[in-house]
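In: have a look; sequence and predicted model below, questions after that.
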Amino acid sequence: MKKLLITALVVAILASLPYLGMADYYLSYLYIIFFWVVLATSWGILSGYTGYWSFGHAAFFGIGVYTTATLTTQLSWPFVATIPAAALLAAVVAVLIGLVVFRSGALRGEFFALLTLSVTFVVAAIVSNTALDSGTGVFLSGIEIPMIGATASGSLYMFGFIAALVALATSYFIFHSKFGQGLLAIHDDEDVAEVKGVPTFRYKLISFAVSSALAGAMGAIHAVYVGYVTVGETFAVTVPLYVVLMSILGGARHWAGPAIGAVIITVMQSAIVSGAHAEFGRAGVALALIVVILVLPSGIVPSLVRRFAHRRSGAGAPTGFAQVVTQFAPSAQAGSGPVLLKCEDVTKSFGGIRALTGVTLEVRRGEILALVGPNGSGKSTLINMISGHYSMTSGKITLEGVEISGRSPHLIAQQGVARTYQIPRLFDNLTVLENVRLCAKFGSADGRGAAAVDVATEEALAFTGLADKADVLPEALNLHDRKFVEFARALAAKPRLLLLDEVLCGLNPAEVDHAVEMIKRIKSGGTTIIFVEHLMRAVVALADRVAVLDQGKVLALGHPGETMRDPAVVSVYLGGSHAA
Ligand SMILES: Nc1ncnc2c1ncn2[C@@H]1O[C@H](COP(=O)(O)OP(=O)(O)OP(=O)(O)O)[C@@H](O)[C@H]1O
């Protein structure tokens, strides 16, 4: 309530400035701040949240500039009508690029940065070689602006102010929404986000479109502000450079970070880098920025937020085994008998390597099936095929009679398939609680309500004994706890089928016993489990049936005791020691 009142007060004061007789010089100065706030905040919605760093923000801003320049001067559109048109066109271009680029998660990092930068050059070349600009620039000084701010400067100030409000409100609501949580997960590990149920492709497209639309709208306003637009100024590489710098300084992963960075850099620039000793001023600003970025690598706002939130650092702390709840309730009641998962002649090739050569097996509801076999026999590949991480070369996988092979991993996750990773792959910038809650939120087809998400999250944290580490970041956890966060994330989705990939690997004997006990309790709650394991005492203790893979196909399948004594299994896998 207090926050809301302060926000309303600040908005009211800023909105009234043009009517209080403030000089045009100061209104223009504030307009420039709003301008950078919009560009930096809009950049953050794509690049800060998802980690897809764009160096092409000038392209979308420029599309906005030239949309307004063209529509007002050549087609006599009213200025205000060109703003949504500019936003729409920028969003459409972004979606067209995204449809190609976002298909796979491979085109990120420097590839995405270079690609978006080259989009700027392409758009600039098109504009400068057509009637849109013809290389000479476009005058907009005669364009009529609606008087919403007492004077012409006041009106432009108001347009900039409204744009900044819209950008900040958009970023704020995205940051606090399910969509925003999905974007932040994409930032940390896109493959895992997808496997946990986040529709990564759609989310990236939407954030790119929103980010570009805001930049395009700001371009539309700025075209009228400058009055004469040129290709050189509009598509200057300094636009994305400033925007990136502002966002890093303020904190790109927070809704307010880019805006704070924009205010600081714009004010510093005007205060220090003008006058007789401008060079020293610029060097001073650059040095100050370097120091701040080194001291606060995640940016000013996230660092302050973290400090105020008093996040505890529990590195190496003993595990709170005591808080474990004894029973975990799955989403669907499980029994024995009916087939839950069916793999029919599943094959997978990586180029010339045939990782799976025709796996056929059934998993019954409520059972634990152990997947064992020598290194390279295809166990992890099969887990990756069931969870949809790898596309299928041939064959068919069904879950309760419904084909899941060929579906996106997030759809398979929403059908009730959850998995863990041999080497834990946690979302590093999310706390344990946020890691688990994200999976509770995204891991169902119908979309759980907030109360159900909270219950599932708390239940999973308590079940895995992690309740006292809920506010800790993954970097502060030891391997055992990281593995248990993997468990908690999978359980929070309330899966019908749980895939465990070598969860015991790397744990000491006491931790193995603890994990085995937990898997037993998960099973007694009715969840069906497939687990890949090399540790034979765990296999014998847990498995109802064992499938032995060899060279990409099932060599033997049955009760653990009998299967392990099968001479074929002994010869390819267990060797003399076990047989004895
Ligand atoms: N992404 C990939 N690209 C190319 N080859 C792969 C890929 N993933 C797996 N393979 C190959 O497929 C085969 C099966 O590998 P997989 O990891 O499934 O075996 P595994 O039984 O899980 O082995 P381990 O017990 O060592 O984990 C191996 O020859 C492996 O090199």
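Out: Perfect, thanks for sending it. Numbering: from 1, shown residues only.

In: might one say that Leu296 is in contact with Arg306?
Out: No: at 9.9 Å, Leu296 does not count as touching Arg306 under the criterion of Cβ atoms under 8 Å. Heads up, the C-betas are built off the backbone N, CA and C, glycines and all.

In: mind listing what Arg103 touches?
Out: Taking Cβ atoms under 8 Å, 6 or more residues apart in numbering, we find Arg103 in contact with Phe201.

In: 6 Å instead, please
Out: Applying Cβ atoms under 6 Å, 6 or more residues apart in numbering to Arg103 gives no contacts.

In: how near is it to Phe161?
Out: 39 Å (Cβ to Cβ, to the nearest Å).

In: any idea which element Ala90 lies in?
Out: Per DSSP states H and E, Ala90 falls inside helix 79-101.

In: for the next helix or strand after that helix, enumerate the helices and strands it packs against.
Out: Using DSSP H and E, the helix or strand that follows helix 79-101 in sequence is helix 110-128. Helix 110-128 makes packing contacts with helix 57-73, helix 231-234 when contacts are defined by 3 or more Cβ pairs under 6 Å, 6 or more residues apart in numbering; DSSP states H and E.

In: just the buried positions in helix 110-128, please.
Out: By neighbour count with 16 or more other Cβ atoms under 10 Å, helix 110-128 contains the buried residues 112-113, 115-117, 119-120, 123-124, 127-128.

In: need the contact partners of that helix.
Out: Taking Cβ under 6 Å, 6+ apart as the rule, helix 110-128 contacts 52-56, 58-59, 62, 66, 133, 135, 231, 235.

In: what does the helix holding Ala90 rub up against?
Out: Under Cβ under 6 Å, 6+ apart, the answer for helix 79-101 is 60, 63-64, 67-68, 71-72, 107, 143, 145-146, 205, 208-209, 212-213, 216-217, 219-220, 224.

In: of those, buried ones?
Out: The neighbour-count test (16+ other Cβ under 10 Å) applied to these identifies 60, 63-64, 67-68, 71-72, 143, 145, 205, 208-209, 212-213, 216-217, 219-220, 224 as buried.

In: now for this structure, the helix or strand with the poorest mean pLDDT.
Out: One helix or strand of the chain scores below all others by mean pLDDT, DSSP states H and E: helix 575-579, with a mean of 46.

In: got the residues of the protein near the ligand?
Out: 350, 353, 355, 373, 375-381 (Cβ under 6 Å from any ligand atom).

In: what's the closest of these to Gln181?
Out: Closest approach between the residues of the chain next to the ligand and Gln181, by Cβ to Cβ: Ser380, at 27.8 Å.

In: what is the subsequent helix or strand relative to whichever strand or helix holds that closest one?
Out: Counting by DSSP H and E, the element that carries Ser380 is helix 379-386. Where DSSP H and E defines the elements, the next helix or strand beyond helix 379-386 is strand 394-399.

In: next one: that following strand to chain centre, how far?
Out: 29 Å (Cα atoms, centre = their mean, to the nearest Å).

In: give me the buried positions along that strand.
Out: Across strand 394-399, burial judged by 16+ other Cβ under 10 Å covers 395, 397-399.

In: which ones are touching Leu46?
Out: 54, 207-208, 211.

In: which ones are touching the residue nearest the centre of the chain?
Out: Closest residue to the average C-alpha location of the chain: Ile186 at 2.1 Å, with Cα atoms, centre = their mean. Counting by Cβ under 6 Å, 6+ apart, Ile186 touches 50, 193, 200.

In: one more time with 10 Å
Out: With contacts defined as Cβ atoms under 10 Å, 6 or more residues apart in numbering, Ile186 is in contact with 49-52, 105, 108, 192-194, 198, 200-201, 203-204, 207, 427.

In: returning to what we had before: can you pick the most crowded of the contacts of Leu46?
Out: Counting neighbours by other Cβ atoms under 10 Å, Ser211 leads these with 31 neighbours.

In: Val224 versus the nearest residue to Tyr31 once chain neighbours are set aside, what's the distance?
Out: Distances taken as Cβ to Cβ, 6 or more residues apart in numbering put Gly160 closest to Tyr31, at 4.3 Å, once the chain neighbours are dropped. Applying Cβ to Cβ, the value for Gly160 to Val224 is 11 Å.

In: go on, Gly352?
Out: Separation of Gly352 from Val224 (Cβ to Cβ) stands at 60 Å.

In: cool, Arg521 as well?
Out: The value you get for Arg521 to Val224, if Cβ to Cβ is used, is 66 Å.

In: what pLDDT does the spatially closest residue to Thr431 that is not a sequence neighbour get?
Out: Once flanking residues are discounted, Thr431 sits nearest to Asp471: 5.3 Å by Cβ to Cβ, 6+ apart. If you check Asp471, the pLDDT there is 92.

In: over to Gly335?
Out: pLDDT recorded at Gly335 is 41.

In: cool, Ala440 as well?
Out: pLDDT recorded at Ala440 is 95.

In: and the next helix or strand past the helix or strand hosting it?
Out: For Ala440, the element it lies in under DSSP H and E is helix 432-442. Next along the chain after helix 432-442, taking DSSP H and E as the criterion, comes helix 450-463.

In: what is that following helix packed up against?
Out: Helices and strands touching helix 450-463, by 3 or more Cβ pairs under 10 Å, 6 or more residues apart in numbering; DSSP states H and E, are helix 432-442, helix 479-492, helix 509-524.

In: could I get those as CSV with distance to Phe173 and mean neighbour count?
Out: Shown next, in CSV, are the helices and strands packed on helix 450-463 (distance: least, Cβ to Cβ, whole Å; neighbours: other Cβ atoms under 10 Å):
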stretch, distance to Phe173, mean neighbour count
helix 432-442, 16, 26
helix 479-492, 24, 26
helix 509-524, 37, 17
